[in-house]
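Visitor: here's my sequence, what's the structure:
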Amino acid sequence: MTGTLTALQPEAVRGRHRRPSRTRVLRWSVPARVATGAVGGLAVWTSFPPLDLWPLALVGVALLWLACYGARARVAALVGLVAGLVQFVCLLTWLRVIGIDAWLVLALTQAIWLAALGAGLAAVGRLPAWPLWGAALWVAEEFGRSRVPFGGFSWGRLGFGQDGGPLLRYAAVAGAPLVTFAVALGGGLLAWLVLSGVRRRVDVRLVLPALAGLAAVVLAGLAVPVGTGGASHLRVAIVQGNVPRLGLDEFAQARAVVRNHAAVTERLAAEVQAGRRPAPQVVVWPENSSDFDPFVDAQTRALIEGAVRSIGVPTLVGAVLNGPGPRHVRNTGIVWDPVKGATQIYVKQHLVPFGEYVPFRAELGGLIGRLSLVPNDFVPGHRPGVLTLGPATIADVICFEVADDGVVREAVNGGGRLLVVQTNDATYEHRTDDGYGGEPAQQLAITRLRAVEHGRAAVVAATSGVSAVVAPDGTVLQRTGVFRPAMLSADVPLRSERTLADRMGAWPERGIALTGVVVLAVAVALRRRQQTGEQHG
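Guide: Okay, the predicted model is just below:
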């Protein structure tokens, strides 16, 4: 046991003429470091649905730190790559329905960012206050991963796994980046504790500040005020029409979906008339509740108009519209009034590459036959989802957009008093899924963070589940299962107050990320200068 816990100084301070380091690392092989990183990636994954073990995110970060601390850059990059692969392969299992290759390739592209992070942690680990600089680097890694390539992929950010813990409240101060920073800092302080504790005699001067810092990071979140009620309320109904899985062809399937949502809306109207359910002021349908353009297809238009007239209130309808070109379509939310018809349209801005459009279609189309399943390219919108739905101004986002900081922020700052998430997760669900795991539950966790970040109630309307109602403090008030017709009715607060996160926008993330990059550059420069001095010495 003593041999296992033999401690060494980090390589940056090794040498006969250097003072011994106060913080030591374990002597272990490269396979041991990689294995530790893999366990760290697994621990981070468990903080997300379906397990929701938020404290294990701090443990995962600490394990990655321990595996990278004192390692060479190439070894640390390998550690980060393996940790990222484990995390994202587990997190994105719902992509298997698209294809094993798509699932693994996306996991690998995300893991490459974690490889860069691992190398960065090894570099800044030679500096004083390294847990702080490591947390800044983690924000920088997520900053890049959320933007590159093709607009980025935000899934799996540390902050998105904290919907059940006290760190979630940091979102009201500076959004998801600050939640990530808090998780990464807490994990770094935990690693510092471990590294200090493996010495033969624990140095109280190191342990006490680390313990105090770790406690402060976790507990300070409880002191952050979050939104609760509002000066006015809105009675909203959510319609989940369901998606049939009966071997229908594509045309019949799409027709059945819009019929289902019309039928559930008419059943809602019947229950209201019978006094079994309160009358809503507005109704929300999900994304893709109509895959036919209601301005072109007369049958679809008749179904929507009939359903909206039966309930008698403005209804937000998710529909795919043709154009602007012959091979183009748009993913939209349409405000449909029972008297005036369609009045306002929001066009989804953040599109999913290879799902809603195909980059380099001419070059890749002949190589990857499955791309023919996306025959038309969706065209992005360029305006925030600020819509007037009945008596309320709402902030509408569609599906994956809920993971995009800027898209949600612009809609809220544009006047949205209620956050509405229209989504279609049917492709990524299974009939045996109860809605508590996989992509729908992960998306709901992100929605909970957005509610806290912007101090807004949120409603999620999904074609086949999970639909939900979320309070401004992130509490899930109601939710449905999956692959069943359902309707929810709720009285939600309308809030106009802007949180600190709303007012500061993207600047905290930019500042933290830039700090991490600058400190990393300083660490690399100091290391090279030291190596040059050793060679000349």
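Visitor: what is whichever helix in the chain runs longest packed up against?
Guide: What stands out as the longest helix in the chain, according to DSSP state H, is helix 507-536. Contacts defined by 3 or more Cβ pairs under 8 Å, 6 or more residues apart in numbering; DSSP states H and E place helix 507-536 against helix 100-124, helix 130-145, helix 171-197. For every residue, glycine as well, the C-beta is placed using N, CA and C.
Visitor: out of those, which is closest to residue 56?
Guide: Closest approach to residue 56 among the helices and strands packed on helix 507-536 (Cβ to Cβ): helix 171-197, 10.1 Å.
Visitor: what lies in contact with the helix or strand following the closest one?
Guide: Heading C-terminal from helix 171-197, the first helix or strand you meet, by DSSP states H and E, is helix 204-220. Identification of contacts with helix 204-220 by Cβ atoms under 8 Å, 6 or more residues apart in numbering yields 22-23, 131, 166-167, 182, 185-186, 189-190, 192-193, 196-197.
Visitor: partners of the helix or strand following helix 204-220 in the sheet?
Guide: Remark: after helix 204-220, the chain's next helix or strand is strand 232-240, criterion DSSP H and E. When pairs are called by DSSP bridges, strand 232-240 turns out to pair with strand 282-284 (parallel), strand 486-494 (antiparallel).
Visitor: out of those, which gets nearest to residue 171?
Guide: Ranking these by proximity to residue 171 (Cβ to Cβ) places strand 486-494 first, at 17.9 Å.
Visitor: for residue 400, find the nearest of the helices and strands packed on helix 507-536.
Guide: helix 100-124 (12.8 Å).
Visitor: quick one: buried residues of that closest one?
Guide: If you call a residue buried by 16 or more other Cβ atoms under 10 Å, then helix 100-124 has these buried ones: 102-104, 106-107, 110-111, 113-124.
Visitor: and for residue 484, the neighbour number?
Guide: The number of residues packed near residue 484 is 12, by other Cβ atoms under 10 Å.
Visitor: helix or strand for it, which one?
Guide: Assessed by DSSP H and E, residue 484 sits outside every helix and strand.
Visitor: grab the nearest non-local neighbour of it.
Guide: residue 242 (6.0 Å; Cβ to Cβ, 6 or more residues apart in numbering).
Visitor: could you verify my assumption that the one you found touches residue 485?
Guide: Yes: between residue 242 and residue 485 there is a contact at 4.6 Å, judged by Cβ atoms under 8 Å.
Visitor: and the nearest residue to residue 64 once chain neighbours are set aside, helix, strand or coil?
Guide: With Cβ to Cβ, 6+ apart as the criterion, residue 64 has its nearest non-adjacent residue at 4.1 Å, and that residue is residue 40. Following DSSP: H, G, I helix; E, B strand; the rest coil, residue 40 is assigned to helix.
Visitor: so where's the stretch 401-537 of the chain uncertain?
Guide: Scanning the stretch 401-537 of the chain for pLDDT under 70 picks out 429-437, 534-537.
Visitor: how near is residue 191 to residue 130?
Guide: 9 Å (Cβ to Cβ, to the nearest Å).
Visitor: give me the more crowded residue out of the two.
Guide: Legend: neighbour count by other Cβ under 10 Å for residue 191 and residue 130, higher for residue 191 (30 against 23).
Visitor: thought that one was touching residue 68?
Guide: No: assessed by Cβ under 8 Å, residue 191 is found out of contact with residue 68, at 9.4 Å.
Visitor: any residues in contact with both of the two?
Guide: In contact with both residue 191 and residue 68: no residue, using Cβ under 8 Å, 6+ apart.
Visitor: thinking again about what came up before, the residue nearest to residue 484: how many residues sit nearby?
Guide: Neighbours of residue 242 (other Cβ under 10 Å): 22.
Visitor: pLDDT score for it?
Guide: pLDDT for residue 242: 93.
Visitor: and what of residue 371?
Guide: pLDDT, residue 371: 72.
Visitor: need the contact list for it.
Guide: Contact analysis of residue 371 by Cβ under 8 Å, 6+ apart lists 354, 358, 361, 364, 365.
Visitor: ramachandran coordinates for the third one?
Guide: This means residue 361. phi -60, psi -40 (degrees, to the nearest 10).
Visitor: pretty sure it contacts residue 377?
Guide: Yes: counting by Cβ under 8 Å, residue 361 touches residue 377, with 7.3 Å between them.
Visitor: if we can go back for a sec, deepest of the strands paired with strand 232-240, which one?
Guide: strand 282-284 (a mean of 27; mean count of other Cβ atoms under 10 Å).
Visitor: just the buried residues of the helix or strand following that one, please?
Guide: For strand 282-284, the succeeding helix or strand toward the C-terminus, using DSSP H and E, is helix 298-311. Residues 300, 301, 303, 304, 305, 307, 308, 309, 310, 311 are the ones in helix 298-311 that count as buried (16+ other Cβ under 10 Å).
Visitor: and the second one, what pLDDT?
Guide: At residue 301, the pLDDT value in this model is 97.
Visitor: that one touches residue 295, doesn't it?
Guide: Yes: with contact defined as Cβ under 8 Å, residue 301 reaches residue 295; the gap is 7.1 Å.
Visitor: turn the helices and strands packed on helix 507-536 into JSON lines, including mean pLDDT and distance to residue 338.
Guide: JSON lines is the format used below for the helices and strands packed on helix 507-536 (pLDDT from 0 to 100; distance: least, Cβ to Cβ, whole Å):
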{"stretch": "helix 100-124", "mean pLDDT": "96", "distance to residue 338": "42"}
{"stretch": "helix 130-145", "mean pLDDT": "97", "distance to residue 338": "44"}
{"stretch": "helix 171-197", "mean pLDDT": "94", "distance to residue 338": "37"}
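Visitor: turn these into JSON lines, including distance to residue 284.
Guide: JSON lines is the format used below for the helices and strands packed on helix 507-536 (distance: least, Cβ to Cβ, whole Å):
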{"stretch": "helix 100-124", "distance to residue 284": "30"}
{"stretch": "helix 130-145", "distance to residue 284": "30"}
{"stretch": "helix 171-197", "distance to residue 284": "23"}
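Visitor: so which of those gets nearest residue 288?
Guide: Here helix 100-124 is closest among these (Cβ to Cβ), at 19.9 Å.
Visitor: which other helices and strands contact the closest one?
Guide: So helix 100-124, by 3+ Cβ pairs under 8 Å, 6+ apart, packs with helix 55-68, helix 73-91, helix 130-145, helix 507-536.
Visitor: how distant is that helix from the center of its chain?
Guide: The chain centroid and the centroid of helix 100-124 are separated by 17 Å under Cα atoms, centre = their mean, to the nearest Å.
Visitor: just stretch 311-330 next, same as before
Guide: 26 Å.
Visitor: got it, and stretch 462-474?
Guide: The chain centroid and the centroid of stretch 462-474 are separated by 15 Å, computed with Cα atoms, centre = their mean.
Visitor: end-to-end on it?
Guide: End-to-end distance of stretch 462-474 (Cα to Cα, to the nearest Å): 18 Å.
Visitor: am I right that residue 345 is in a strand?
Guide: Yes: looking at residue 345 with three-state DSSP, it is inside a strand.
Visitor: kindly state the pLDDT recorded for it?
Guide: At residue 345, the pLDDT value in this model is 98.
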